[in-house]
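[1] here is the input, now give the coordinates:
(chains A, B, C and D)
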Number of protein chains: 4
Amino acid sequence: METEEEKSIARFGVSIPYDLIRTFDKYIRERAYNNRSEAIRDLIREKLIEREWGKELKGQKVVGVITYVYDHHKRKLVNSIIDIQHNFPEHVIVSQHIHLDHCICLEVVVVRGGPVTVRNLTYKLKALKGVKHCQLTMTTTGTSLS
Amino acid sequence: METEEEKSIARFGVSIPYDLIRTFDKYIRERAYNNRSEAIRDLIREKLIEREWGKELKGQKVVGVITYVYDHHKRKLVNSIIDIQHNFPEHVIVSQHIHLDHCICLEVVVVRGGPVTVRNLTYKLKALKGVKHCQLTMTTTGTSLS
Amino acid sequence: METEEEKSIARFGVSIPYDLIRTFDKYIRERAYNNRSEAIRDLIREKLIEREWGKELKGQKVVGVITYVYDHHKRKLVNSIIDIQHNFPEHVIVSQHIHLDHCICLEVVVVRGGPVTVRNLTYKLKALKGVKHCQLTMTTTGTSLS
Amino acid sequence: METEEEKSIARFGVSIPYDLIRTFDKYIRERAYNNRSEAIRDLIREKLIEREWGKELKGQKVVGVITYVYDHHKRKLVNSIIDIQHNFPEHVIVSQHIHLDHCICLEVVVVRGGPVTVRNLTYKLKALKGVKHCQLTMTTTGTSLS
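    Next comes the predicted model:
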């Protein structure tokens, strides 16, 4: 009897030149994949997550992780960061703070919402004086990529 | 009297065509920067952090944030994730877990170390079956970007 | 007396921590820039060209360079490539063909038009069987970046 | 009887959740692919070309297309561009010039060589005053991606 998990799996064939698959197999080993299927599922999911963040799918919910590094000695910076996040109360899931050294902090904020909103929150944090680096990692709720 | 902070600031002039600076000023407003200096410092720091992660500076310590989304129902996946992280005990600073829904988890792992090591840890997590998406955000200890 | 060129130049000051500018000066030397102004103008123009290609400026004309590599022995491929380009007669400026070896050709197509149209032409060429690699370089008419 | 082309083709199966393949099929239609195999071959080749350009394969020959936009009225710029290209006589295959308008030129230079050399040539052109935008498209000789 198949489990729930096994039932939902499709199988299909790929035809590919021998030279290409031989080089791909090297890549698979270098990247520690167990088999071609897992590597190919990863390639597919990467493209589909790019697509989720694209303009053609506005209204869709995505998950973003905003990472920024700052000097907590900068006057008023900590308050500005908190204020900005509080303007997005329905979107910010959690914020984590790491002390990299005496001066430098790294924060990681997990956000769920529309791609435009998540980008706007990122831009606001990035623009603050004293924030040295701010980046948005675009990922997924996972819903359509089971 | 100047404060410690003010003393460490350099000032230099940039010459730039009027057309270019007018369009850049629009960008600055869209991105919520307070002034040109802050926007330009951000552009500079982005390039320098890319440079820190580049091959020419091996041996340098960087900070990476690894973000991945997975289904915690997958057999053995949670254990594999923990095992991999425990093989990098000097590098993993902290790991944070968010429940996106009944099945899907998001984890954010903050890592400090050489660029090659941080990339290798990322590849190992990315290659696991059941990990739907895994990305590395490349950031900085902030030390040389004060 | 100032020339036309000199008249159109603005000058403004940037304040920046000493540590940051010292590291930036290393980057400038590595990348063969003559001075900070030229390096900063390049950083600015890169961001503005990304902005031209972004969704918020639809209707604006951009310039794209489509590069693809293919095996000219594939049946019908050459005809398909020509047909696709002929469906964009107002956009394709020129197409150049290089013989990389006995089998492999590289073509470079310069296109002017809206960002969406240029991307669509790229996708159509990329999807052809026998086209091994196809990439779009997003650049500019230069009009607003004088 | 099989042709030479058909003989060199491998076939293998991929297992994938139904939800994932359904969304991927939408992507395939949007991007004008004829079938899943062609789309997957493209995903694979993209990763392998990134790998060719990576540090671990130094010594390998790649093909780069350098695209830059400049104002030909800038004093000495045209000569500087030619001089730089002549310092790479074994690498520059061909250079093409397009007049975008009265002032602005676009040039496309096709280069074959090691990744480091091709990047260095790009940086030298990019650093010239009057070059508004300069980008490197990283592609392949096609040899190992048949």
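[2] so is stretch A:8-22 next to chain B?
    No - contact of stretch A:8-22 with chain B is not found when judged by C-beta under 8 Å from any C-beta of the partner chain; the minimum separation is 11.6 Å. The way it works is simple: take the backbone N, C-alpha and C, and place the C-beta from them, glycine included.
[3] distance between the ends of that stretch?
    30 Å (C-alpha to C-alpha, to the nearest Å).
[4] got it, and stretch A:80-98?
    End-to-end distance for stretch A:80-98, by C-alpha to C-alpha: 18 Å.
[5] could you list the buried residues of that stretch?
    In terms of neighbour count (16 or more other C-beta atoms under 10 Å in any protein chain shown), stretch A:80-98 has its buried residues at A:80-81, A:84-85, A:88, A:91-93, A:96, A:98.
[6] which of the residues you listed come close to chain B?
    Answer for the buried residues of stretch A:80-98 near chain B (C-beta under 8 Å from any C-beta): A:93, A:96, A:98.
[7] the first one belongs to a strand?
    Yes - A:I93: assigned to a strand according to DSSP: H, G, I helix; E, B strand; the rest coil.
[8] got the domain ranges for chain A?
    As assigned by automatic domain parsing, chain A contains the domains A:18-53, A:59-145.
[9] how much space is there between the closest residue to A:H72 other than its chain neighbours and A:G130?
    Nearest non-adjacent residue to A:H72, counting by C-beta to C-beta, 6 or more residues apart in numbering or on different chains: A:C105, 5.0 Å away. Counting by C-beta to C-beta, to the nearest Å, the separation of A:C105 from A:G130 is 10 Å.
[10] pull the longest helix from chain A.
    helix A:36-53 (DSSP state H).
[11] now the element after the worst-scoring helix or strand of chain A on mean pLDDT, going C-ward?
    When the helices and strands of chain A are scored by mean pLDDT, DSSP states H and E, helix A:4-7 comes last with a mean of 53. Using DSSP states H and E, the helix or strand that follows helix A:4-7 in sequence is strand A:9-17.
[12] which neighbouring elements make contact with that following strand?
    Under the contact criterion of 3 or more C-beta pairs under 8 Å, 6 or more residues apart in numbering or on different chains; DSSP states H and E, strand A:9-17 touches strand D:9-17, helix D:18-30, helix D:36-53.
[13] buried ones in it, by neighbour count?
    A:14-17.
[14] now the angle from that strand to helix A:18-30?
    Interaxial angle of strand A:9-17 relative to helix A:18-30 (axes from the mean of the first three to the mean of the last three C-alpha atoms, to 10 degrees): 120 degrees.
[15] quick one: contacts of the longest helix of chain A?
    Residues outside helix A:36-53 that contact it (C-beta atoms under 8 Å, 6 or more residues apart in numbering or on different chains) are A:14, A:24-25, A:27-28, A:31, A:33, A:57, A:60, A:62, A:115, A:138-140, A:144-145, B:126-127, B:129, B:132-133, D:12-16, D:20, D:23-24, D:27, D:30, D:40, D:43-44, D:47.
[16] relative to helix B:36-53, how tilted is the next helix or strand after that helix?
    Using DSSP H and E, the helix or strand that follows helix A:36-53 in sequence is strand A:62-71. For strand A:62-71 against helix B:36-53, the angle by the same axes, to 10 degrees is 100 degrees.
[17] give me the mean pLDDT for strand A:62-71.
    The predicted model gives strand A:62-71 an average pLDDT of 95.
[18] same check on stretch A:116-136?
    Throughout stretch A:116-136, pLDDT has a mean value of 95.
[19] give me the distance between the two termini of that stretch.
    12 Å.
[20] what residues does chain A have near chain D?
    So chain A meets chain D at A:8-21, A:23-24, A:27, A:30, A:36-37, A:40-41, A:43-45, A:47-48, A:51, A:56, A:144-146 (C-beta under 8 Å from any C-beta).
[21] I'd like to know which of those residues are buried.
    Using 16+ other C-beta under 10 Å, the buried ones in the residues of chain A next to chain D are A:14-17, A:20-21, A:23-24, A:36-37, A:40-41, A:43-45, A:47-48, A:51, A:145.
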